[in-house]
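turn this into a model:
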Amino acid sequence: MHIRHTIVAAGLLGALAVGGTALPATALPDESSAAPRPSHAAQSALIAEVRAATARFHDVDVAIAEGYESTHECASSPDGAMGIHFMNPDLIAPGAPVDPTKPPILMYGPSASGELELWGVEFFEPEVGQPTPMLGDQPFDGPMPGHDPHMPVHYDLHVWTGKHNPSGLYAPFNPSLAC
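Below you'll find the model as predicted:
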C-alpha cells in the first residue's frame with residue numbers, strides 16, 4: 001500500500017473511532033498525475049535529440065553514404081522484429097561516452113510500399129570491463145553473448161525512434177512489425 005493510502009485510511013479509521021463519522025479527508029497529491037520527474041523530461045529531450053540527429057537516415061542511401069553497412073538479414077523472433085541492421089563500424093567505441101547523435105546501428109524494415117524505412121536505432125558497445133553503458137538514465141541491456149560467432153560479448157540498447165513499439169521504447173523486438 002502506498003504511504004498516501006495508508007495516511008488516508010488511518011485518518012478515516014481515527015475519525016470513526018473518535019466520533020463515529022468520517023470527516024472529509026484532505027486529498028494528498030496523486031503520484032500518477034504529478035508533473036514528470038526531471039529525469040523523465042531529460043530522457044524525453046535526449047530521445048528527441050536522437051530522432052533529430054538521425055532524421056536524415058530516413059533515406060537509406062544517406063546512411064550508406066555515411067558509412068553504414070547492411071547486414072542484409074532482417075532480425076525477427078516470435079516477439080516481433082528488429083529489422084535489417086545497418087552498422088557503422090567507425091562509431092563503435094567500447095568504453096567511450098555514448099553519443100546520442102551517433103548511434104552505431106540503424107534498424108530498417110519494409111514499408112507498406114516495400115521500400116526500406118527507418119524503424120529505430122541501436123546503441124552497441126563490446127564489453128571490455130566497463131560499467132554498464134547508459135543513454136541518459138537508461139542502462140543498456142547486457143552484457144550478453146554475441147548473436148553469431150563473429151560478434152563479441154556486448155551491451156546494446158534499441159531505441160524505437162521511427163516506429164512505435166507497444167512493448168516499450170527500449171524493447172529489443174517490436175511485436176507490431178514483421179520482416
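
so where is this structure shaky, pLDDT-wise?
1-38 (pLDDT under 70).

for it, what's the longest strand?
strand 116-126 (DSSP state E).

and Thr54, that's in a strand?
No. Going by DSSP: H, G, I helix; E, B strand; the rest coil, the assignment for Thr54 is helix, not a strand.

and the nearest residue to it once chain neighbours are set aside, what does it touch?
Leaving aside its sequence neighbours, Thr54 sits nearest to Val121 (CB to CB, 6 or more residues apart in numbering; 5.9 Å). The way it works is simple: take the backbone N, C-alpha and C, and place the C-beta from them, glycine included. Counting by CB atoms under 8 Å, 6 or more residues apart in numbering, Val121 makes contact with Val50, Thr54, Pro103, Ile105, Leu106, Met107, His158, Val159, Thr161.

show me the domain layout of the protein.
3-33, 38-159 (automatic domain parsing).

out of those, which one sits most buried?
domain 38-159 (a mean of 16; mean count of other CB atoms under 10 Å).

among the contacts of Val121, which are in strands?
Judged by DSSP E, the subset of the contacts of Val121 located in strands is Ile105, Leu106, Met107, His158, Val159.

okay if I get those as JSON lines plus distance to Thr132?
Shown next, in JSON lines, are the ones in strands among the contacts of Val121 (distance: CB to CB, whole Å):
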{"residue": "Ile105", "distance to Thr132": "18"}
{"residue": "Leu106", "distance to Thr132": "23"}
{"residue": "Met107", "distance to Thr132": "21"}
{"residue": "His158", "distance to Thr132": "15"}
{"residue": "Val159", "distance to Thr132": "16"}
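
of those, which is the nearest to Asp141?
His158 (8.2 Å; CB to CB).

so who does that closest one touch?
His158 neighbours (CB under 8 Å, 6+ apart): Met82, Met107, Gly120, Val121, Glu122, Tyr170, Ala171, Pro172.

and which of those is nearest to Glu66?
Val121 (13.3 Å).

from Ala55, how far off is the closest one?
Val121 is 11 Å from Ala55, where distance means CB to CB, to the nearest Å.
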